[in-house]
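>>> no FASTA, just this:
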DNA sequence: GAACCAAACTAACAGTCGTTAGTTTTGCAG
DNA sequence: CTGCAAAACTAACGACTGTTAGTTTGGTTC
């Protein structure tokens, strides 16, 4: 990807984060980049493509991280720790894109929407598998797995809301404490 | 509020939930209600007013619930249980409006935005107070209170994502299990 | 049945939307 | 220098935006 295209996508991500996909116009975006709206089309094919790059890019990082956690062949609790770390690291590294994904994936269209939903469902399915293994093994509380998935994923998915308020925090300390609180709720 | 106005707001909430505030036009909304766009203005003063009714309506319910929990003078853990119940009940009762609030409050303008932020900050401040009391009393883990607030509020605020997938669940059972998992993470 | 009013309508406003066509500028390779 | 291609520009398209003004409809009250 060319530098200019990457710059357009980065500026777009910042705008979409603040105002939402529908509310960001191509003219606004062009002004942010320092060109006229029509010139954007020398670098991208449509407004939709910008959203695809942002959302599917982050989604892919999660898919990769989940594959790595599963291939580690650690026990379920250790795999869940890896997944918590994955969410924390990706959120710290791409706070803006993470927020754009969570709040704007519903504006994807056609095949991109299908791809996003598929990867998201696969991710949840993989986590479900790990949690069920933990229950079978006795290391995780014997409860409705959906409740356990939800109580893990929900704080992890919305870390981007919380991180910017905790300026100057120690990332390692945060990782330890959050892991402790989240695992405290689900371990037996 | 007249029946017709309430109907308009309900239809609007359903549309905004699915498509987002910016993407819902007055002509779309009018079609949903069964009239022309201009006729909507016999019942409401602006598109913005619709969003205000939905968002500030739910926000007020949370404020009232928090006041009730605090006036109970129970111990901190019991108050937190009341707050968990409050979120579950409001989400079950107003799933659509809850989702609209979480995803569209940023489109509020002027005084409505100020009012929303104020009530939201006050809510978090009250919860912070309860949690600090629990830490001082020894019933809650001695950790960064912001982390504890976040790990409680984050699953509670996004229950609307999860509820529609759990068709036919037992609300009482859910309340018990979710309370158990969330408190399990923060109790000492 | 006349008067009234709420609630619907049609028509239009000035502005913005994403995108395309066609043209000019810019900067580098020969 | 010349030539070429990438990347900027202007102008415009048809569609859609929230909202207003003015008019007609339909039902209720004297």
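Now that the structure is in, tell me what you want to look at. Just so you know, these numbers come straight off a predicted model, no measurement behind them.
>>> so what's residue A:185 closest to, chain neighbours aside?
residue B:185 (3.6 Å; CB to CB, 6 or more residues apart in numbering or on different chains). (Glycine included, C-beta is placed from N, CA and C.)
>>> quick one: buried residues of the strand or helix carrying that neighbour?
Under the criterion of DSSP states H and E, residue B:185 resides in helix B:171-186. For helix B:171-186, the neighbour count (16 or more other CB atoms under 10 Å in any protein chain shown) marks B:174-175, B:177-178, B:181-186 as buried.
>>> next one: stretch A:91-99
So stretch A:91-99, judged by 16+ other CB under 10 Å, has buried residues A:91-92, A:94-99.
>>> helices and strands around the top helix by length along chain A, which ones?
In chain A, assigned by DSSP state H, the helix with the most residues is helix A:110-137. On a contact count with 3 or more CB pairs under 8 Å, 6 or more residues apart in numbering or on different chains; DSSP states H and E, helix A:110-137 meets helix A:47-71, helix A:76-93, helix A:145-157.
>>> and residue A:181, how far is that from residue A:44?
41 Å (CB to CB, to the nearest Å).
>>> Up against chain B, what does chain A have?
Contact residues, chain A versus chain B (CB under 8 Å from any CB of the partner chain): A:19-20, A:22-23, A:103, A:106-107, A:141, A:143-144, A:146-148, A:150-151, A:154-155, A:157-158, A:161-162, A:165-166, A:174, A:177-178, A:181-186.
>>> So for chain A, which residue is the most central one in space?
Within chain A, the residue whose C-alpha comes closest to the C-alpha centroid is residue A:98; the distance, by CA atoms, centre = their mean, is 4.7 Å.
>>> That residue: helix or strand, and which one exactly?
Residue A:98 belongs to helix A:95-104, assigned by DSSP H and E.
>>> what packs against that helix?
helix A:3-19, helix A:47-71, helix A:159-162.
>>> Need the residues that contact it.
For helix A:95-104, the external contacting residues (CB atoms under 8 Å, 6 or more residues apart in numbering or on different chains) are A:13-14, A:16-17, A:20-21, A:51, A:54-55, A:57-59, A:90-91, A:157-161, A:163-164, B:103.
>>> same question, stretch A:42-49
A:2, A:4-5, A:8-9, A:26, A:50, A:108-109, A:112.
>>> Is that stretch positioned near DNA strand C?
Yes: Stretch A:42-49 reaches DNA strand C (CB under 7 Å from any atom of the strand) through A:45-48.
>>> Give me the buried positions along stretch A:16-35.
A:16-17, A:20-24, A:26, A:29-30, A:32-33.
>>> Turn the residues you listed into CSV, columns for secondary structure, pLDDT and distance to residue A:136.
Shown next, in CSV, are the buried residues of stretch A:16-35 (DSSP: H, G, I helix; E, B strand; the rest coil; pLDDT from 0 to 100; distance: CB to CB, whole Å):
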residue, secondary structure, pLDDT, distance to residue A:136
A:16, helix, 98, 42
A:17, helix, 97, 41
A:20, coil, 97, 43
A:21, coil, 98, 42
A:22, coil, 97, 45
A:23, coil, 97, 47
A:24, coil, 98, 47
A:26, helix, 98, 52
A:29, helix, 98, 50
A:30, helix, 97, 55
A:32, helix, 97, 52
A:33, helix, 97, 53
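>>> re the thing from before, biggest separation within the buried residues of stretch A:91-99, which pair?
Using CB to CB, the pair of the buried residues of stretch A:91-99 lying farthest apart is A:92 and A:99, separated by 12.7 Å.
>>> Nearest spatial neighbour of residue A:14, chain-adjacent residues omitted?
Nearest one to residue A:14, counting by CB to CB, 6+ apart, is residue A:96 at 5.9 Å.
>>> If I look at the one you found, what pLDDT would I see?
The model reports residue A:96 with a pLDDT of 97.
>>> same check, this time on the one 10 residues further on
Model confidence at residue A:106, expressed as pLDDT, equals 97.
>>> Isn't it up against residue B:20?
Yes: with contact defined as CB atoms under 8 Å, residue A:106 and residue B:20 form a contacting pair (7.2 Å).
>>> Show me which of the contacts of stretch A:42-49 are buried.
For those, a burial check counting by 16+ other CB under 10 Å picks out A:5, A:8-9, A:26, A:50, A:108, A:112.
>>> between the residues you listed, which is nearest residue B:116?
residue A:108 (27.9 Å).
>>> Can you give me the distance of that closest one to residue A:114?
For residue A:108 relative to residue A:114 (CB to CB), the value is 9 Å.
>>> next one: residue A:186
From residue A:186 to residue A:114 the distance is 31 Å (CB to CB).
>>> now residue A:11
In terms of CB to CB, residue A:11 sits 27 Å off from residue A:114.
>>> now do residue A:20
For residue A:20, the distance to residue A:114 - CB to CB - is 22 Å.
>>> How about residue A:44?
The value you get for residue A:44 to residue A:114, if CB to CB is used, is 21 Å.
>>> more crowded one of the two?
Counted by other CB atoms under 10 Å in any protein chain shown, residue A:44 and residue A:114 do not tie: residue A:44 has more neighbours, with 19 against 11.
>>> and that one, what are its phi and psi?
Residue A:44 adopts backbone torsions of phi -130, psi 160, taken as degrees, to the nearest 10.
>>> what's the distance between it and DNA strand D?
Using CB to the nearest atom of the strand, to the nearest Å, residue A:44 is found at 10 Å from DNA strand D.
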